[in-house]
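Enquirer: have a look at this prediction, sequence included:
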Amino acid sequence: MTTDSLAQPLTLPCGAVLPNRLCKAAMTEGLADAHNYATEGHVRLYRRWGKGGAGLLLTGNVQVDRRYLERPGNVVIEGAQSAAQREALKRWAAAGKEGGAAVWMQINHAGRQTPALVTSEPVGPSAVPVALPGGQFGAPRALSGAEIEDIIARFAHTARIARETGFDGVQIHSAHGYLLSEFLNPLANQRTDEWGGALENRARLLRAIVAAVRDAVGKGFPVGVKLNSADFQKGGFSFAESRQVAAWLRGDGVDLLEISGGNYEQPVMMGKEGLEPVFEEEKRASTRAREAYFLDYARQMLAADTPPLMVTGGFRTRAAMESALEDDGIAMIGLARPLCANPEGPRQLLNGERDQLKRWEEVLRVGPGWLGPNSSNDTLRMVNAWGAQGWFCLQILRMGAGKDPDLRLGVLRAFFAYRAEEKKKARALAR
């Protein structure tokens, strides 16, 4: 790989080629209408991100079942699609491709992490609730075998519609504590049938969905997976198990595997705080000041047999990105939150205009209410975490409305504005 490693194309196992090694990673948009259809907001947002220079754009999670959403503004694809629905999806995909990027649809089922604003009774592998205070999530019920088979068919159907409406690939979301991740997690999956127990059984749903999606889209269409390196919970999905699942996914024909980690109960995907070093080399790596949260896990996974790997979370400098590609063997670099504040960041990195992107902590210090991620008060830490989440979600909504990001927005104001926006959209959902 040359010194211009970020600009090098990537040929995937299925034969598809991505124009460079930077990806706009998936972030929830919240731009769907009251029927959960794609809107002109998606068109405006992805046109802007598409012209920002990344070779791959991953959409926010498109849901396969309208009863179980990650948030009220999710796009949902289920059942027959009207001509108007298909046209909206086509415009969304086409807008992202105007700058030369490939656009993949991320496909998801929120499982027990469906907010109480959406449903009082979410579903999961078992009737194990999300261990968070505040009544944000209802107590789930366990899925039946027939419902699990229906979910497999729903993922395949959504992938087929994605291909038919112009998306260039799909990513199956099996991380961050959503349904497929819940099946992998023995703390959430306490089943005793063929879908629970041994890792082979807990991974059965993910692998069945990969196979069904591949059948639905054909051999030359990219199929990716987002997988936790670990849940970072005692007794949860472990790194050793993740390595085994990654090896199975390579055999299953997955084209790109994105490595992440955590869930709502242990949200390490939101920042490196709480991510304990588990390898001796990582413990000695403090002088290298590694940026990426999950890079060391990905490096260890590459020692096994895995699909090409993408790492998202924490990358900010061109030097660290190039090192991951050239020295560590990573195939793609995922960028998420920086592109809410600076949607042109990938292009600036590629053309040498910029050597690093701002860390999100720096961005959030602009307004009142930001106390940093290490506050000793649990309530204040929670407000900061959800305020940070709200800050980035509100920037996405602004760009969807054709506006620039508001870098003067304070985190406390964002916390309340985001909560009000979510409640408003939940009330507007057409049932």
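Expert: Perfect, thanks for sending it.
Enquirer: hey, which helix is longest across the chain?
Expert: The longest helix of the chain (DSSP state H) is helix 378-400.
Enquirer: surely Gln348 is in contact with Gln356?
Expert: No - assessed by C-beta atoms under 8 Å, Gln348 is found out of contact with Gln356, at 9.9 Å. For glycine as for every other residue, the C-beta is placed from the backbone atoms N, C-alpha and C.
Enquirer: care to break the chain down by domain?
Expert: Using automatic domain parsing, the domains assigned to the chain come out as 5-356, 359-431.
Enquirer: on that earlier part again, the first helix or strand past the longest helix of the chain going along the chain packs against which elements?
Expert: Per DSSP states H and E, the first helix or strand lying C-terminal to helix 378-400 is helix 411-428. In terms of contacts (3 or more C-beta pairs under 8 Å, 6 or more residues apart in numbering; DSSP states H and E), helix 411-428 is packed against helix 378-400.
Enquirer: what angle do the helix it packs on and helix 411-428 make?
Expert: If you take axes from the mean of the first three to the mean of the last three C-alpha atoms, to 10 degrees, helix 378-400 sits at 70 degrees to helix 411-428.
Enquirer: other SSEs contacting helix 378-400?
Expert: By 3+ C-beta pairs under 8 Å, 6+ apart, helix 378-400 packs against helix 40-50, helix 338-341, helix 360-364, helix 411-428.
Enquirer: including distance to Glu258, mean neighbour count and mean pLDDT, could those go into JSON lines?
Expert: As requested, the helices and strands packed on helix 378-400 are exported to JSON lines (distance: least, C-beta to C-beta, whole Å; neighbours: other C-beta atoms under 10 Å; pLDDT from 0 to 100):
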{"stretch": "helix 40-50", "distance to Glu258": "17", "mean neighbour count": "22", "mean pLDDT": "98"}
{"stretch": "helix 338-341", "distance to Glu258": "16", "mean neighbour count": "22", "mean pLDDT": "94"}
{"stretch": "helix 360-364", "distance to Glu258": "19", "mean neighbour count": "18", "mean pLDDT": "63"}
{"stretch": "helix 411-428", "distance to Glu258": "25", "mean neighbour count": "17", "mean pLDDT": "89"}
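Enquirer: kindly state which of these is positioned closest to Ala146.
Expert: Nearest of the helices and strands packed on helix 378-400 to Ala146, taken as C-beta to C-beta: helix 411-428 at 28.6 Å.
Enquirer: in what helix or strand does Gln348 lie?
Expert: Going by DSSP H and E, Gln348 is part of helix 345-350.
Enquirer: can you redo the helices and strands packed on helix 378-400 as JSON lines with distance to Pro9?
Expert: Formatted as JSON lines, these follow (distance: least, C-beta to C-beta, whole Å):
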{"stretch": "helix 40-50", "distance to Pro9": "17"}
{"stretch": "helix 338-341", "distance to Pro9": "21"}
{"stretch": "helix 360-364", "distance to Pro9": "29"}
{"stretch": "helix 411-428", "distance to Pro9": "38"}
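Enquirer: so which of these comes closest to Ser5?
Expert: The closest of these to Ser5 is helix 338-341. By C-beta to C-beta, the value is 18.9 Å.
Enquirer: if we can go back for a sec, Ala110 is nearest to which of the helices and strands packed on helix 378-400?
Expert: When the helices and strands packed on helix 378-400 are compared by C-beta to C-beta, helix 411-428 sits nearest Ala110, at 13.6 Å.
Enquirer: for the closest one, C-alpha coordinates in PDB please.
Expert: Taking Å, rounded to 0.1, in the frame of the first residue of the first chain, the C-alpha atoms of helix 411-428 are listed here in PDB:
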ATOM      1  CA  VAL A 411     -25.000  20.000  25.300                       C
ATOM      2  CA  LEU A 412     -27.500  20.800  28.000                       C
ATOM      3  CA  ARG A 413     -29.800  22.500  25.500                       C
ATOM      4  CA  ALA A 414     -29.200  19.600  23.100                       C
ATOM      5  CA  PHE A 415     -30.300  17.100  25.800                       C
ATOM      6  CA  PHE A 416     -33.700  18.700  26.300                       C
ATOM      7  CA  ALA A 417     -34.200  19.600  22.600                       C
ATOM      8  CA  TYR A 418     -33.500  16.000  21.500                       C
ATOM      9  CA  ARG A 419     -35.800  14.500  24.100                       C
ATOM     10  CA  ALA A 420     -38.600  16.900  23.000                       C
ATOM     11  CA  GLU A 421     -38.000  16.000  19.400                       C
ATOM     12  CA  GLU A 422     -38.200  12.300  20.000                       C
ATOM     13  CA  LYS A 423     -41.500  12.600  22.000                       C
ATOM     14  CA  LYS A 424     -43.000  14.800  19.200                       C
ATOM     15  CA  LYS A 425     -42.100  12.200  16.600                       C
ATOM     16  CA  ALA A 426     -43.400   9.300  18.700                       C
ATOM     17  CA  ARG A 427     -46.800  11.100  19.100                       C
ATOM     18  CA  ALA A 428     -46.900  11.700  15.300                       C
END
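Enquirer: quick one: that helix to chain centroid distance?
Expert: Distance of helix 411-428 from its chain centroid, counting by C-alpha atoms, centre = their mean, to the nearest Å, is 21 Å.
Enquirer: now Glu143. Its backbone dihedrals?
Expert: Careful, residue 143 is Leu; it's not Glu. Leu143 adopts backbone torsions of phi -70, psi 150, taken as degrees, to the nearest 10.
Enquirer: quick check: closest non-adjacent residue to it.
Expert: Nearest non-adjacent residue to Leu143, counting by C-beta to C-beta, 6 or more residues apart in numbering: Val123, 5.2 Å away.
Enquirer: per-residue pLDDT, that neighbour?
Expert: Here the pLDDT value assigned to Val123 is 98.
Enquirer: residues in contact with it?
Expert: Counting by C-beta atoms under 8 Å, 6 or more residues apart in numbering, Val123 makes contact with 68, 111-112, 114, 140-143, 147, 179.
Enquirer: so where's the protein shaky on pLDDT?
Expert: 1-3, 133-134, 231-232, 261-291, 293, 360-383 (pLDDT under 70).
Enquirer: what about Glu258, which helix or strand?
Expert: For Glu258, the element it lies in under DSSP H and E is strand 256-260.
Enquirer: elements contacting that strand?
Expert: Secondary-structure packing of strand 256-260 (3+ C-beta pairs under 8 Å, 6+ apart): strand 223-228, helix 239-251, helix 295-302, strand 309-312, strand 332-335.
Enquirer: one more time with 10 Å, if that's ok
Expert: Using 3 or more C-beta pairs under 10 Å, 6 or more residues apart in numbering; DSSP states H and E as the contact test, the elements touching strand 256-260 are strand 56-58, strand 169-174, strand 223-228, helix 239-251, helix 295-302, strand 309-312, strand 332-335.
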